[in-house]
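Student: Here is my input, please return the structure:
(one chain, ligands or ions: 1)
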Amino acid sequence: MTSQLWDSFRAEGYDEGTDRMPTDAAVDFLAALAPGGSAVEFAIGTGRVGVPLSHRGVTVAGIDTSVAMLDQLRPKPGADRITIVEGDMSIDRVPGAFDLAYLVFNTITNLLTQQSQVDCFRNAAAHLRPGGHFVIECYVPDLRLLPIGAVAVPFAVEDEYVGFDTYDMLTQRQTSHHFTVAEGRSRAVRSEHRYAWPSEMDLMAQLAGLTLTERWADWTRAPFTADSRSHVSVWEKPL
Ligand SMILES: C[S@@+](CC[C@H](N)C(=O)[O-])C[C@H]1O[C@@H](n2cnc3c(N)ncnc32)[C@H](O)[C@@H]1O
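Tutor: This next block holds a predicted model:
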C-alpha cells in the first residue's frame, strides 16, 4: 500500500522543489559506502540522488512505482547507465547483489503498514551482498510537539502556505496537509505516511538479518541525540 501522490504534476515540479536539499552531502555519504561499487536506490524518483551518485563511479539501479517520476529521470545525462525497475520497493527485485541499498527523504513512511515496512527491509537485505549496507534517511516523529487533546502539529504557517500533520497514534498513520495560495489560487495537497521510530526500524532491520552500524542526525554526521529531528541510519548485512 503506497501513496498515490506522485503524479505528473508533482513529478514535473519535483526537482525545482528539492534543489535546496543537502543532496551533495547525501551523495558523499553514500559514495563512501560503495566506492567504485554498486548501489540500488529504493524509490529513486527523478534521480535527484541516484544520478549524481552514478557520476561518482557507482553503478546505480533504482526502483520506483511512479511512471511520472521515472519519466523525469530517464532523459537526464548519464541516466542511461542506471538500471530502472518500475515496481514496489517492498516486493520487487533488481537482479544482482549490491554493495549498498538506500532509501532517503523519509520515503520509508510512504509504506503505510508495519508489514510493508518490514517487507521493505527484507527486500533491501535480499539485494545486498554479505557485508553490504542499507541506509535510511528519515524524520523522527514529531509527537513531542502534539499537546494532549490536540490532533494536529503545524510545521509551516506563512502568508501563502500553511502545513500541518495529523496523527492516528493507534495505527502510526500520519497525514501531512499542505495549503498553498499562489497568484490568487489555492491548492490543497495531502500525503499519507506511516511514521516509525528509529528503534522500530532497528527491529525491522533485525527481522531482515541486518545490524545497526551507524546512526547520525544528518548526512554531515552530526551526532544523533534525543532532540534530533531526523536520522541517517546504516545497517549491515553480516559477512
Ligand atoms: C520524496 S520522493 C523521493 C525520490 C528520491 N528518492 C529523492 O530523494 O529525491 C518519493 C518517491 O517514492 C516513490 N515511492 C513511493 N512508494 C513507493 C513504493 N512502494 N515503491 C517504490 N517507490 C515508491 C514515489 O513514486 C516517489 O518517486
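Student: Just list the residues touching Pro130, thanks.
Tutor: Lys237, Pro238, Leu239 (CB atoms under 8 Å, 6 or more residues apart in numbering). Every residue, glycine included, has its C-beta placed from N, CA and C.
Student: Could you turn the buried ones of those residues into a PyMOL selection?
Tutor: Selecting the buried subset of those in PyMOL, with 16 or more other CB atoms under 10 Å as the burial test, is done by:
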select buried, resi 237
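Student: okay if I get the contacts of Pro130 as TSV plus secondary structure?
Tutor: Below are the contacts of Pro130 laid out as TSV (DSSP: H, G, I helix; E, B strand; the rest coil):
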residue	secondary structure
Lys237	coil
Pro238	coil
Leu239	coil
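Student: Closest to the ligand out of the contacts of Pro130?
Tutor: Nearest to the ligand, judged by CB to the nearest ligand atom, of the contacts of Pro130 is Lys237 at 20.6 Å.
Student: Check which helices and strands the top helix by length along the chain is in contact with.
Tutor: Counting by DSSP state H, the longest helix found in the chain is helix 114-127. Judged by 3 or more CB pairs under 8 Å, 6 or more residues apart in numbering; DSSP states H and E, helix 114-127 is in contact with strand 38-42, strand 98-103, strand 128-139, helix 198-207.
Student: contacting residues around that helix?
Tutor: In contact with helix 114-127 (CB under 8 Å, 6+ apart) are residues 1-2, 40, 42, 89-94, 96-98, 101, 103, 108, 111, 134, 172, 194, 196, 201, 204-205, 207-210, 237.
Student: So what's the gap between it and the chain middle?
Tutor: 13 Å (CA atoms, centre = their mean, to the nearest Å).
Student: quick one: buried residues of it?
Tutor: So for helix 114-127, counting by 16+ other CB under 10 Å, buried means Ser116, Gln117, Val118, Asp119, Cys120, Phe121, Arg122, Asn123, Ala124, Ala125, His127.
Student: about what we covered before: can you select the buried ones from the contacts of helix 114-127 in ChimeraX?
Tutor: Buried subset of the contacts of helix 114-127, written as a ChimeraX selection, criterion 16+ other CB under 10 Å:
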select :2,40,42,89,90,94,98,101,103,108,111,134,172,194,196,201,204,205,208,210,237
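Student: still on that earlier bit, any idea which of the buried residues of helix 114-127 is the one closest to Arg187?
Tutor: Ser116 (28.7 Å; CB to CB).
Student: Next one: the closest one from Val135, what distance?
Tutor: Relative to Val135, Ser116 is positioned 19 Å away (CB to CB, to the nearest Å).
Student: For the closest residue to the ligand within the chain, list the residues it contacts.
Tutor: Per CB to the nearest ligand atom, Gly45 is where the chain lies closest to the ligand, at 2.6 Å. Going by CB under 8 Å, 6+ apart, Gly45 touches Trp6, Tyr14, Asp64, Ser66, Met69, Gln72, Leu73.
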